[in-house]
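Undergrad: Structure of the sequence below:
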Amino acid sequence: MARDDDANNEVYHNLTEQSPQANNSSGGINQKWTLYLILCTLTVCTASFIFGFNIGVTNLPTPLIKAFFARNYFPDFYNKSISFEQYDSQLKDVNRQEKNYLENRKILDEAQNETVKKEASDFLENLSKELGVSDVNSIGEKLSEIKGKLNESGLEAKREEYVKGKEKVESFNTLLWTVTTALFVVGGMVGAFTSKYVCDYFGRKKGGMSCGLIPTYLSEISPAKLRGATGVCHQLCLTIGILIAQTLGFRQIMGTSELWHFLLALPLVPCLIGTLSLLLFFPESPRALLINNRDEESARQALKRLRNSNDVSVEIEEMNNEAKETKSEESTSLKELFTSAELRWPLLTGLLLQLAQQLCGINAIFFYSEGIFRRASILDEHIQYAVFLTGLINVITTIICVPLIDRLGRKPLLVYPMIVIILDFILLTVFLALQSRGPIYSYLSIVCIIVFIMCFAIGLGPIPFVYVAECFRQDARSAALAICMFTNWVANLVLTLTFPYLAELLTNYVFLIFTAIVGLTVVVIFKKVPETKGRNVEEIMAHFQGRKAPKYTPDESGKLIGNSKV
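TA: This next block holds a predicted model:
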């Protein structure tokens, strides 16, 4: 058994150990991935997967869920809605038949007019031959006289009466359609709120709370050069959760009246696996152990496992320096976050990015993508595949972002995609306004939606979570994360509840609101948001305060010595 253990340790050592040059490439800190760090990151991100799954799981089965709660908890409303639905279907059939009749009548009238014109032309030509050219004008005058008598007889008045009657019918149809739609919207809101209260409170809301801690934990277990990549893993697993939920929601899989409730229960499996694995096999954050608990030995042991190296003195010394800067062992309160001049701008910029992430319109796309694609003239049986395509593009683009965030930096990946989003929304508005002129504009609007999802997945999707985790010291990080995640959820809720009304009010111009929000955010990012790539907390805090941060270099004993004054 001892030999087997030695062999296993040797395999693990060969898989994860870095060369001395790699370990000392940044002051004695192993800045590369280790197997243990990868496993820890993936385990923690099971909560991110659950979060994303809960975002996308109700998209396709929404009609089934609404019908279930309406049928069981509001039977009177459900029966009336069924009657309205049947009448609405009949009304659509009548309108469709009327449209076909008018089109056929128009074609028939045009054919008859051509026949009459030809017969009249032949008749006049024959008369001109028999009576001579001079008599043709007399015949034309006689025909004009006959036409005038016909108009006086009331045929033209009857035609005008028919047109007015048709307009009244169309006005009534429009009114009835508006009332029917309003009833369905109210029913949908009741069903949505009921489902969230009965089924989702203990699952989805608690999952969201745990998910909010993930960016902080990932930033605390990863070396500086991997903070961005590990932070994006949170967003990556979230997007994978959305994609899996959308796939399982297909009518051919679990999007049926018999299986949708099992679909909502699926997150229980990764939840149990992730929780047990994290508790049994992975450590507390080394930074929290040392700075919060003052337990340097436990922090050192955790770092050794995460870095697969026995020499972690440089990181331990950095944490000790951060602990010295901490005013007390108590965590910063929410009140102190807003009143402290040192923390005010990091908090405000973090809140701005959280608001921009939700109010840029991304969840309007995911929550209401089915309706958007239906308005783009996509057939009902193909809508689920269009929704799946948006989720797949989101995952692929987020994967691309993982290596880019630590190479290009956070700020460029925020600013440049947001500029593209502004231009994209302007084009989307134009195409939506012109889609009645031809199907090409509907497909161009879908292209704009895809471009927007790609830009979001690179910038506003992952970076706000990474930014908040990087901009605060240990004593303030928890409070800052709490207020930022609260703001994120409130913005999410506001957008979810208001977007249907905004879409109805502004119709094709609704995305101009998101354009203005993104434009304002770009201006603030340019002026106030620092680049956090490769910087420690002290350097980032110093940037906000307009001063130089102390830099530390290891001496011969491995301890860090300051070489510049604050």
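
Undergrad: Enumerate the positions of the helix or strand hosting Arg71 that are buried.
TA: Arg71 belongs to helix 62-73 when elements are defined using DSSP states H and E. By neighbour count with 16 or more other CB atoms under 10 Å, helix 62-73 contains the buried residues 62, 64-70. Heads up, the C-betas are built off the backbone N, CA and C, glycines and all.

Undergrad: need those residues in JSON lines with distance to Glu470 and pLDDT, can you?
TA: As requested, the buried residues of helix 62-73 are exported to JSON lines (distance: CB to CB, whole Å; pLDDT from 0 to 100):
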{"residue": "Thr62", "distance to Glu470": "37", "pLDDT": "75"}
{"residue": "Leu64", "distance to Glu470": "42", "pLDDT": "80"}
{"residue": "Ile65", "distance to Glu470": "39", "pLDDT": "78"}
{"residue": "Lys66", "distance to Glu470": "41", "pLDDT": "77"}
{"residue": "Ala67", "distance to Glu470": "46", "pLDDT": "78"}
{"residue": "Phe68", "distance to Glu470": "44", "pLDDT": "80"}
{"residue": "Phe69", "distance to Glu470": "42", "pLDDT": "77"}
{"residue": "Ala70", "distance to Glu470": "46", "pLDDT": "78"}
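
Undergrad: quick check, distance from the helix holding Arg71 to the centre of its chain.
TA: Distance, stretch centre to chain centre, for helix 62-73: 25 Å (CA atoms, centre = their mean, to the nearest Å).

Undergrad: Show me what that helix is packed against.
TA: If contacts are counted by 3 or more CB pairs under 8 Å, 6 or more residues apart in numbering; DSSP states H and E, helix 62-73 sits against helix 75-131, helix 155-195, helix 260-265.

Undergrad: Least reliable of those by average pLDDT, please.
TA: In terms of average pLDDT, helix 155-195 trails the rest of these, at a mean of 42.

Undergrad: Find the residue ranges of the stretch 451-566 of the chain scoring beneath the pLDDT cut-off.
TA: Residues of the stretch 451-566 of the chain meeting the criterion pLDDT under 70: 547-566.

Undergrad: the helices in it, which residues?
TA: Taking DSSP state H, counting those that start in this stretch as the criterion, the stretch 451-566 of the chain carries its helices at 463-470, 474-506, 511-528, 537-545.

Undergrad: which of the ones you listed sits most buried?
TA: helix 463-470 (a mean of 26; mean count of other CB atoms under 10 Å).

Undergrad: give me the number of residues near Tyr101?
TA: Neighbourhood size, Tyr101 [other CB atoms under 10 Å]: 10.

Undergrad: What distance do you get for it to Leu108?
TA: In this view, Tyr101 and Leu108 are 10 Å apart by CB to CB, to the nearest Å.

Undergrad: now swap in Ala476 and tell me
TA: Distance, Ala476 to Leu108, by CB to CB: 78 Å.

Undergrad: Phi first, then psi, for Thr532.
TA: For Thr532, the backbone dihedrals are phi -100, psi 0 (criterion: degrees, to the nearest 10).

Undergrad: which residues does it contact?
TA: 410, 466-467, 470-471, 540 (CB atoms under 8 Å, 6 or more residues apart in numbering).

Undergrad: ok, now Asn320?
TA: For Asn320, the contact set (CB under 8 Å, 6+ apart) comprises 290, 296.

Undergrad: in what helix or strand does it lie?
TA: Asn320 belongs to helix 313-325 when assigned by DSSP H and E.

Undergrad: Which residue, other than its chain neighbours, is closest to the residue nearest in space to the middle of the chain?
TA: Centrality entry for the chain: nearest residue to the mean C-alpha point is Ile362, 3.1 Å, by CA atoms, centre = their mean. The shortest distance from Ile362 to any non-neighbouring residue, by CB to CB, 6 or more residues apart in numbering, is to Phe456 (5.1 Å).

Undergrad: That neighbour touches Ala364, doesn't it?
TA: No - counting by CB atoms under 8 Å, Phe456 does not reach Ala364; the two are 11.4 Å apart.

Undergrad: how deep is Gln252 tucked in, by neighbour count?
TA: Under the neighbour criterion other CB under 10 Å, Gln252 is assigned a count of 7.

Undergrad: what does Met319 give?
TA: 23.

Undergrad: Contact partners for it?
TA: 286-287, 290-291, 299.

Undergrad: try it again with 10 Å
TA: 220, 286-291, 296, 299-300, 303, 312, 474 (CB atoms under 10 Å, 6 or more residues apart in numbering).

Undergrad: thought the residue nearest to Ile362 was touching Ile365?
TA: Yes - Phe456 is in contact with Ile365 according to CB atoms under 10 Å; the separation is 8.7 Å.

Undergrad: ok, and the closest non-adjacent residue to Ser277?
TA: Thr43 (4.8 Å).

Undergrad: What strand or helix carries Cys448?
TA: Assigned by DSSP H and E, Cys448 falls within helix 439-458.
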